[in-house]
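> sequence unknown, structure follows:
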């Protein structure tokens, strides 16, 4: 099959990581795959090396000074839609609302449902669930939300995990790379994804402040943060609250993809307190590295992780859970085994079955 996968960014966001890993698994299975994306800021390829058998089609989207979120959403849809030709492919599969709006009719993966206040973005999100010819969700919990909110059925195909990559970073062979992070940062709780409402970063900040009495040497480290959306107000609230609490988080920004596994493996714990998730890939990668995870108590994360992580519902419970795993780290093997059970090759096989059924119906 000739397959087009579409995503909205070249940056290391969860949906983009998913898109690239799925594309590479599909080409390993013998299919032809192009990944279409928007190249903002002059980007011509993705944040990491991509299997050369995968075609990369980055459509230029120059930055415009003063452009608001709404107009940028509409321009992104228009520019990607004008460049993309569905007739070149057997299957067109979008991974987010922007690329789905650009490529309709198409298949679409709903990683999680969200609520937006920007009218253009809210309309983009709604149309990209209601109008695709077929839907995929990465967990049964999100598929249930789609059914209840939109009356649509979605196939459930979990994410894969590159468990070996993160396990290798935690092995004796990865000691030197881990040591560099430890020399730079000391002991730390890590959060990936930047400072934004969906990631619950303010709650993690509050939890870290509560943690200091018993673990004053443990720092809060935040990595990532490239996003299409404008979270300046939230970031300002975060900075004000950090100053009030006397907490100085380490802001690493976007970390080179080759360095992410050792950054994760060197952490004392992963703080994964998102308010919305579809699967929890970063948390699963942490388990693959043997790093304990504290996460928000959400149905989707209960579904995916079971008893392999510690749960909390608010900053005080997050702090308590972090203190527990820091003082008495849990057995890492159940989490490692869980991460190994999710593979991208298995996810690709399930997608191919879905594609064939879709083509037969069409």
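Okay, I see it. Not measured: the values here are computed from a predicted model.
> can you give me the strands for the chain?
2-6, 32-40, 55-61, 91-94, 107-110, 134-137, 155-156, 187-192, 218-223, 250-253, 269-272, 293-296, 310-312 (DSSP state E).
> Include mean neighbour count, mean pLDDT and distance to residue 236 when you put those into JSON lines, please.
C-beta coordinates here come from the backbone N, C-alpha and C atoms, glycine included. Rendered in JSON lines, the data for these read as follows (neighbours: other C-beta atoms under 10 Å; pLDDT from 0 to 100; distance: least, C-beta to C-beta, whole Å):
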{"stretch": "strand 2-6", "mean neighbour count": "22", "mean pLDDT": "98", "distance to residue 236": "33"}
{"stretch": "strand 32-40", "mean neighbour count": "22", "mean pLDDT": "97", "distance to residue 236": "23"}
{"stretch": "strand 55-61", "mean neighbour count": "17", "mean pLDDT": "97", "distance to residue 236": "27"}
{"stretch": "strand 91-94", "mean neighbour count": "26", "mean pLDDT": "98", "distance to residue 236": "33"}
{"stretch": "strand 107-110", "mean neighbour count": "26", "mean pLDDT": "98", "distance to residue 236": "31"}
{"stretch": "strand 134-137", "mean neighbour count": "22", "mean pLDDT": "98", "distance to residue 236": "34"}
{"stretch": "strand 155-156", "mean neighbour count": "16", "mean pLDDT": "98", "distance to residue 236": "38"}
{"stretch": "strand 187-192", "mean neighbour count": "24", "mean pLDDT": "97", "distance to residue 236": "18"}
{"stretch": "strand 218-223", "mean neighbour count": "22", "mean pLDDT": "96", "distance to residue 236": "15"}
{"stretch": "strand 250-253", "mean neighbour count": "14", "mean pLDDT": "94", "distance to residue 236": "14"}
{"stretch": "strand 269-272", "mean neighbour count": "27", "mean pLDDT": "98", "distance to residue 236": "21"}
{"stretch": "strand 293-296", "mean neighbour count": "26", "mean pLDDT": "98", "distance to residue 236": "23"}
{"stretch": "strand 310-312", "mean neighbour count": "19", "mean pLDDT": "98", "distance to residue 236": "25"}
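> wait, which of the ones you listed is closest to residue 302?
Proximity to residue 302, assessed across the strands of the chain by C-beta to C-beta, is greatest for strand 310-312 (7.6 Å).
> The closest one pairs with which strands?
Its sheet considered, strand 310-312 pairs with strand 293-296 (parallel) by DSSP bridges.
> what's next to the strand it pairs with, contact-wise?
200, 203, 269-275, 280, 283, 286-287, 301, 305, 308-313, 318, 321-322, 325, 335 (C-beta atoms under 8 Å, 6 or more residues apart in numbering).
> could you point out the longest helix in this protein?
Longest helix in the chain by number of residues, with DSSP state H as the criterion: helix 344-361.
> helices or strands up against it?
Applying 3 or more C-beta pairs under 8 Å, 6 or more residues apart in numbering; DSSP states H and E, we find helix 344-361 packed against helix 14-28, strand 91-94, strand 107-110, strand 134-137.
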